[in-house]
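*Asks:* Need coordinates for the following:
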Amino acid sequence: MRKSKGHIHLYSVPMGDYQCNCSIIYSEKTKNAIIIDPGNDHHSLIKLIDKLMIKPKLLLHTHAHFDHIGRSSEIKNHTGAKLLLHQEDLFLYERLPEQGKFFGQNVGTPLPIDQFIQDEEEFKLEDDDLNMFLKSIHTPGHTPGSCCFYSEFFDQPTLFSGDTLFMQSIGRTDLPGGDSRKIIRSIKDRLLTLADETEVTPGHGPDTRIFEEKKFNPFLC
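*Replies:* The predicted structure is shown next:
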């Protein structure tokens with residue numbers, strides 16, 4: 001996904017072996033940025049950060065599976081940005097090296113979380129002129145602390161759904177902390193109630209829209 005409004009830009013790119021969609025929102029004026037799900041390929045992301053000459057302030061995570069947060073500590077060390085995660089996923093975050101080994105990946109010991117995300121908390125992009133912010137939506141099911149991030153700043157409302165909602169699919173619930181009933185309830189109660197035209201960037205795969213998932217997603221019928 002690519003969007004712009006004024007001097008605020010949104011750029012999403014798949015990162016790492018598992019092609020996690022990493023989303024960067026930044027101000028062309030101040031260069032301040034928010035990154036959602038840095039992924040586990042810090043080398044590529046650091047190159048992109050340096051190419052864009054941006055200054056990430058917040059690293060927001062939809063959940064604590066290694067393919068979304070496995071190398072966020074390296075990004076924090078490079079940029080000084082704060083690490084944010086929902087507290088109910090802390091048990092997964094603390095086991096990142098074990099997660100990596102299970103999937104044949106080398107994941108280092110993670111740095112401490114700087115701030116725990118609260119439901120409906122607002123995260124503002126530091127910019128002098130435009131009031132761009134994201135609101136968290138706690139959507140347990142894929143993991144206990146799974147969160148989505150929503151913004152009405154751009155011309156179309158935008159949702160970053162992590163591994164909760166995909167194009168015509170939903171997140172898996174067979175890993176530790178997963179709950180199939182909770183994920184369906186989270187999607188129906190918290191996401192499908194958003195405006196139909198909301199554009200959705202999932203944790204993996206192509207973008208979709210809320211009205212398309214209402215109509216075509218076989219898990220939500």
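*Asks:* got the phi/psi numbers for Ser27?
*Replies:* When read as degrees, to the nearest 10, the backbone of Ser27 gives phi -100, psi 120.
*Asks:* Return the distance of the spatially closest residue to it that is not a sequence neighbour relative to Pro144.
*Replies:* Spatially, and ignoring its direct neighbours in sequence, Ser27 is nearest to Asp127 (4.5 Å; C-beta to C-beta, 6 or more residues apart in numbering). The C-beta positions use only the backbone N, C-alpha and C, and glycine is treated the same way. Distance, Asp127 to Pro144, by C-beta to C-beta, to the nearest Å: 33 Å.
*Asks:* Could you export the helix or strand that contains His9 as CSV, CA atoms only?
*Replies:* Under the criterion of DSSP states H and E, His9 resides in strand 8-15. Extracted as CSV, the C-alpha positions of strand 8-15 are listed here (Å, rounded to 0.1, in the frame of the first residue of the first chain):
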residue,chain,number,x,y,z
ILE,A,8,2.5,12.6,5.2
HIS,A,9,3.3,9.4,3.4
LEU,A,10,2.4,5.7,4.0
TYR,A,11,4.6,3.0,2.5
SER,A,12,4.1,-0.8,3.1
VAL,A,13,6.6,-3.4,2.0
PRO,A,14,6.9,-7.2,2.7
MET,A,15,9.9,-8.0,5.0
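*Asks:* pLDDT of it, averaged?
*Replies:* The average pLDDT within strand 8-15 is 96.
*Asks:* Sheet-wise, list the partners of that strand with their directions.
*Replies:* strand 2-5 (antiparallel), strand 20-27 (antiparallel) (DSSP bridges).
*Asks:* Could you tell me how far the closest residue in space to Val107 that isn't next to it in sequence is located from Asp67?
*Replies:* Leaving aside its sequence neighbours, Val107 sits nearest to Gly100 (C-beta to C-beta, 6+ apart; 3.2 Å). For Gly100, the distance to Asp67 equals 9 Å [C-beta to C-beta].
*Asks:* for His43, same thing?
*Replies:* 15 Å.
*Asks:* go on, Asp41?
*Replies:* Asp41 is 9 Å from Asp67, by C-beta to C-beta.
*Asks:* The two - which one has more neighbours?
*Replies:* Taking other C-beta atoms under 10 Å, Asp41 and Asp67 do not tie; Asp67 has more neighbours (25 against 21).
*Asks:* Which helix or strand in this protein has the lowest average pLDDT?
*Replies:* helix 96-102 (a mean of 90; mean pLDDT, DSSP states H and E).
*Asks:* returning to what we had before: could you confirm the residue nearest to Ser27 falls within a strand?
*Replies:* No - assigned with DSSP: H, G, I helix; E, B strand; the rest coil, Asp127 falls outside any strand and is coil.
*Asks:* quick one, what contacts it?
*Replies:* His7, Ile8, Ser27, Lys29, Thr30, Asn32 (C-beta atoms under 8 Å, 6 or more residues apart in numbering).
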